[in-house]
Structures are given as C-alpha cells and as structure tokens.
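Participant: Quick one, fold the following:
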Amino acid sequence: MYRTLRESWEPSCLVEVPITALTATATPGIAQDVQAQLRMAETVFIKGGINRANLSYRVMKKSRSKVMNDILRLIKLMDTEVQGKASGIVYCVLRSARRWAADRVHTGTKAECETIAEGLRKLGISAGFYHG
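Facilitator: Model (predicted):
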C-alpha cells in the first residue's frame, strides 16, 4: 500500500507537507523501503523497545479444527489478567510458512481472517482484521 502512496498526492499541493511513517512491526529492510518509496530524504528514526510494562506476549499452539475456541480461550485469559480492561492483537498464522506465503497471493488466509473477526463480533467481542 505504501508503495503507491507518494504518487497519490504528488500532483497536489501536498508534496511539501512533512510525512510521519509509523509502524509496530516493520523490519529494518521494510523501514528503509518505506523511506525510499515515500522519498523521505531527511528522516529521523525513533525506535522504541518492545519490552514495555503494559504489554504481554504469548505464543500458543492452536488446534487445527478449533481455532475460534482457542482464540476465545486466549481472550478470556487476557481479560481475567487485567480485570476486564483488556485490548489486544491476536496474530493467527493459519498455515505453514510456505502455505501462508502462497495464501497471501490468493485469498485463503484473507477469508479466514475475515471469518474469525466476524465470528468474534457475533459473540459480542469488538474485532477487526488486517492482512497485508
């Protein structure tokens, strides 16, 4: 998406407007590509650590057939730990790395992410999805 962003405002008066690019997950290579694509010549990089008191991380194995139950179990666990004040991001790698990469080109993973988010919303859980 960011690769075409610069062209979308170049014909307008926005070319002189300062740009701020924020990310939580970009690798150093992606960050450099964003800088190049957006033509951010005078860039100031500010990088913070991932170890923060208000964040917790878990890696949990999911079952093949009960993904929604596994996600609900994780949400309930998070909610219990913070007395109902939880918000979070659940990353679902739905296939092996090779299959996942292939699905990104097609729509398998996209559709599954959307289905999971919709299922959570039907259960009264505020949920959205992102697939890059």
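Participant: Quick check: which ranges of this protein have low pLDDT?
Facilitator: Applying pLDDT under 70 to the chain flags the ranges 1-17, 50, 64, 81-86, 90-109, 130-132.
Participant: Go again with 90.
Facilitator: Along the chain, segments meeting pLDDT under 90 span 1-121, 123-132.
Participant: measure I89 to A111 for me?
Facilitator: Distance, I89 to A111, by CB to CB, to the nearest Å: 20 Å. Yep, even glycine has a C-beta here, placed from its N, CA and C like the rest.
Participant: For M68, what are phi and psi?
Facilitator: phi -60, psi -40 (degrees, to the nearest 10).
Participant: how far away is it from K47?
Facilitator: For M68 relative to K47 (CB to CB), the value is 35 Å.
Participant: For those two, indicate the residue with more neighbours.
Facilitator: When neighbours are counted by other CB atoms under 10 Å, M68 and K47 differ, and M68 comes out ahead with 14 against 7.
Participant: contacting residues around that one?
Facilitator: Applying CB atoms under 8 Å, 6 or more residues apart in numbering, we find M68 in contact with 116, 119-120.
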